[in-house]
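**Q** Here's my sequence, what's the structure:
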Amino acid sequence: DAPGNEATRTDPRVPTARSTCGSGPADAGGGIDSPAPSCGGAAPDFDRGGHRILDGRKSVEIPFELIIEHVVIPVSVNGSDPFPLVLDTGMPFYGVTLSPGSKTDGLELENPDDLKVMVAGDENFVPRIGTGVTLTLPGVEFTDQVAMVIPLPGCEATGAVVESEGVIGLTVFDSFVVEINSDDRTLTLTEPDAFVYAGGGTEVPIRLGPVRMPEVNLVLGTDGGAVPVGLVVDTGASLAMSITLGTDDALTLPEGAKDLVVGYSAWGEVRGKLGRSDFLRLGDLELNDVLVTFFQAGAAGVPPCGENGLLGSEVLQRFTVTFDYARERMFLEPGERFDEPFEFSMTGFAYRRTDDGSLEVTVVFPDSPASASGLEKGDVIVKIGGVPSAEYGDTAIRQLMRRDAGEIRLELAVDEGRREVTLTPRRMI
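**A** Purely as a prediction, here's the structure:
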């Protein structure tokens with residue numbers, strides 16, 4: 001979730017801009033050079049609007065796509081064709097943010113006359129904003145919402161999130177009890193007064209601060225022992241979890257943590273370190289050998305997230321997760337991926353999409369299979385294993401680059417024609 005947007009005027013109906021662009025470590029399997037997570041935003045002191053399930057029932061089930069660890073759902077704005085939007089607990093206002101494009105050009109949105117939003121230092125940027133907007137999901141309608149059309153910081157430069165067109169969050173989570181079943185790819189919305197939990201999961205208390213983002217207490221196993229931590233629960237962050245160093249003296253870098261470009265903000269690269277924790281304990285549930293992204297408190301482009309960091313979708317999607325904001329709790333029921341190992345890119349490079357769907361290499365990590373193969377920053381990959389890169393979705397590339405399943409042949413476009421390199425993936429972290 002990319003930081004860097006600040007409203008220069010306070011308006012109870014218009015939030016500080018905050019847009020998700022697929023946050024997570026910038027590995028080739030993570031899709032893309034992704035923005036760093038952001039936990040900032042304006043307090044939702046404006047009306048949340050109305051909502052209803054269209055057939056009058058108390059609950060509705062909606063199918064979703066899982067794209068690079070993001071839950072993506074179809075949302076219509078004032079009767080438009082559906083926008084594929086990321087469902088994000090870290091979205092701290094009622095309504096949606098949309099990235100500019102031909103679909104948003106046809107939306108009739110009125111700008112408040114004196115509103116300016118700062119995007120990557122441009123204090124004169126004026127977004128397109130509409131209030132009183134109607135949002136429609138399959139079987140559900142939300143009224144009197146906010147829609148903001150604004151460039152997602154860092155996305156245009158890095159090619160991030162090519163398969164979604166914006167974000168929706170608080171509107172959904174503050175209106176319904178929300179169950180996310182990543183195994184079945186279903187989202188179930190239930191009116192809070194009709195909800196009774198009937199699953200076999202663990203109940204975990206959450207806290208909702210002034211911006212209505214859930215925070216949870218858990219225990220992290222480190223070189224120094226078991227450390228209690230408080231983390232923001234962020235379904236819009238594709239990483240497993242992040243820790244902000246300097247927030248607790250007991251939180252230290254694990255042995256073997258690597259210095260990497262872990263994301264992008266509106267100002268460019270965000271550097272951090274990637275390592276592993278011995279375990280992560282949520283109530284009576286425990287995950288082992290978890291990948292953790294470490295940021296330094298106060299570093300450029302790294303906003304504070306909760307007490308000590310955030311819990312992202314690479315952890316959450318190992319469960320069926322039920323968010324019950326009305327009672328400040330969530331339920332976690334282990335799913336099919338619960339015992340899967342946590343993996344980073346085993347190739348050692350990151351990329352962005354070019355206009356024709358090829359992959360331009362943006363980072364080559366030292367001492368990696370990519371560097372050993374001779375792959376360099378700026379190389380353009382036109383084929384993977386003999387298949388055009390444009391035919392691979394970013395999720396498929398993520399899965400391919402995170403497996404040590406033999407050699408991967410990459411065909412590069414060079415001035416004199418084509419060149420081929422061969423990578424042998426291996427676990428680096």
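**Q** Which helix or strand contains Val172?
**A** Element membership for Val172, per DSSP states H and E: helix 170-173.
**Q** next structured bit after that helix?
**A** Per DSSP H and E, helix 170-173 leads on to strand 177-181 as the next helix or strand towards the C-terminus.
**Q** Next one: the closest residue to Gly230 other than its chain neighbours, what pLDDT does it get?
**A** Leaving aside its chain neighbours, Gly230 sits nearest to Glu307 (3.2 Å; criterion: Cβ to Cβ, 6 or more residues apart in numbering). Bear in mind the C-beta positions are built from the backbone N, C-alpha and C, glycine included. Looking at Glu307, its pLDDT is 88.
**Q** For Glu307, pull up the helix or strand it's in.
**A** Applying DSSP H and E as the criterion places Glu307 outside every helix and strand.
**Q** For it, give me its contacts.
**A** Glu215, Val229, Gly230, Leu231, Thr247 (Cβ atoms under 8 Å, 6 or more residues apart in numbering).
**Q** Identify, from the residues you listed, the entry nearest to Ala297.
**A** Within the contacts of Glu307, the smallest distance to Ala297 is 6.0 Å, found for Thr247 (Cβ to Cβ).
**Q** and that closest one, helix, strand or coil?
**A** For Thr247, the secondary structure call by DSSP: H, G, I helix; E, B strand; the rest coil comes out as coil.
**Q** Following the chain past the lengthiest helix in the chain, name the next helix or strand.
**A** The helix spanning the most residues in the chain, taking DSSP state H as the definition, is helix 394-401. Per DSSP H and E, the first helix or strand lying C-terminal to helix 394-401 is strand 408-414.
**Q** Walk me through which strands that following strand pairs with, and which way each runs.
**A** Here strand 408-414 is paired, per DSSP bridges, with strand 380-384 (antiparallel), strand 417-423 (antiparallel).
**Q** Give me the contact list for it.
**A** Outside strand 408-414, the residues that touch it by Cβ under 8 Å, 6+ apart are 347, 358, 373, 375, 379-386, 400-401, 418-425.
**Q** Do a quick rundown of the helices in the stretch 101-250 of the chain.
**A** Assigned by DSSP state H, counting those that start in this stretch, the stretch 101-250 of the chain shows helices spanning 102-105, 155-158, 170-173.
**Q** quick one: which of those helices has the weakest pLDDT on average?
**A** Of all those, helix 155-158 carries the lowest average pLDDT, namely a mean of 38.
**Q** mind listing what's buried in the helix holding Val172?
**A** In terms of neighbour count (16 or more other Cβ atoms under 10 Å), helix 170-173 has its buried residues at Leu170, Thr171, Val172, Phe173.
**Q** so what does that helix touch, helix or strand wise?
**A** Secondary-structure packing of helix 170-173 (3 or more Cβ pairs under 8 Å, 6 or more residues apart in numbering; DSSP states H and E): strand 140-149.
**Q** okay, the strand it packs on in CSV with CA atoms only?
**A** Taking C-alpha atoms only, strand 140-149 is exported to CSV below (Å, rounded to 0.1, in the frame of the first residue of the first chain):
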residue,chain,number,x,y,z
VAL,A,140,-24.9,-6.1,-2.7
GLU,A,141,-25.3,-2.3,-2.9
PHE,A,142,-23.5,0.5,-1.0
THR,A,143,-24.9,4.1,-1.2
ASP,A,144,-23.5,7.5,-0.4
GLN,A,145,-19.9,6.5,-0.9
VAL,A,146,-16.7,8.3,-2.0
ALA,A,147,-14.9,7.5,-5.3
MET,A,148,-11.5,8.9,-5.9
VAL,A,149,-9.6,8.6,-9.2
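**Q** Would you mind listing the buried residues in it?
**A** Using 16+ other Cβ under 10 Å as the test for burial, strand 140-149 gives Val140, Phe142, Asp144, Gln145, Val146, Ala147, Met148, Val149.
**Q** Now do the same for it: mean pLDDT, whole number.
**A** Averaged across strand 140-149, pLDDT comes to 93.
**Q** Parallel or antiparallel, which strands does it pair with?
**A** As defined by DSSP bridges, the strand partners of strand 140-149 come to strand 50-53 (antiparallel), strand 95-98 (parallel), strand 128-137 (antiparallel).
**Q** hang on, the earlier thing: from the contacts of Glu307, which ones fall inside strands?
**A** The subset of these located in strands under the criterion DSSP state E comprises Glu215, Val229, Gly230, Leu231.
**Q** Find the nearest non-adjacent residue to the last one, please.
**A** The shortest distance from Leu231 to any residue other than its chain neighbours is 4.4 Å, reached at Leu311 (Cβ to Cβ, 6+ apart).
**Q** which residues does that neighbour contact?
**A** Contacts for Leu311 (Cβ under 8 Å, 6+ apart) come out as Val216, Leu218, Leu231, Val232, Val233, Asp234, Met241.
**Q** The helix or strand encompassing Ala350 pairs with which strands?
**A** Here Ala350 sits within strand 349-353, counting by DSSP H and E. With DSSP bridges as the test, strand 349-353 is paired with strand 359-364 (antiparallel).
**Q** does Arg52 really touch Val140, like I thought?
**A** Yes - using Cβ atoms under 8 Å, Arg52 is in contact with Val140, at 7.4 Å.
**Q** Of the contacts of Glu307, which is the nearest to Gly298?
**A** Of all these, Gly298 sits closest to Thr247, with 10.5 Å by Cβ to Cβ.
**Q** In contact with the nearest residue to that closest one once chain neighbours are set aside: list those residues for me.
**A** Ranked by Cβ to Cβ, 6+ apart and with sequence neighbours excluded, the top spatial neighbour of Thr247 is Asn308, at 4.8 Å. Applying Cβ under 8 Å, 6+ apart, we find Asn308 in contact with Val229, Gly230, Leu231, Ile243, Thr244, Thr247, Asp248, Leu251.
**Q** Any stretches of this structure with poor pLDDT?
**A** Residue ranges of the chain with pLDDT under 70: 1-47, 110-126, 152-163, 224, 262-270, 299-304.
**Q** In it, where's the longest strand?
**A** With secondary structure taken from DSSP E, the chain has its longest strand at strand 268-282.
**Q** now for that strand, which elements pack on it?
**A** The helices and strands touching strand 268-282, judged by 3+ Cβ pairs under 8 Å, 6+ apart, are strand 214-222, strand 258-265, strand 285-296.
**Q** Distance of the closest residue to Gly275 other than its chain neighbours relative to Asp55?
**A** With sequence-adjacent residues excluded and distances taken as Cβ to Cβ, 6+ apart, Gly275 is closest to Ala257, at 3.2 Å. Spatial separation of Ala257 from Asp55 under the definition Cβ to Cβ, to the nearest Å is 51 Å.
**Q** which one of those two has more residues nearby?
**A** Of the pair Ala257 and Asp55, Ala257 is the one with more neighbours under other Cβ atoms under 10 Å, namely 17 against 8.
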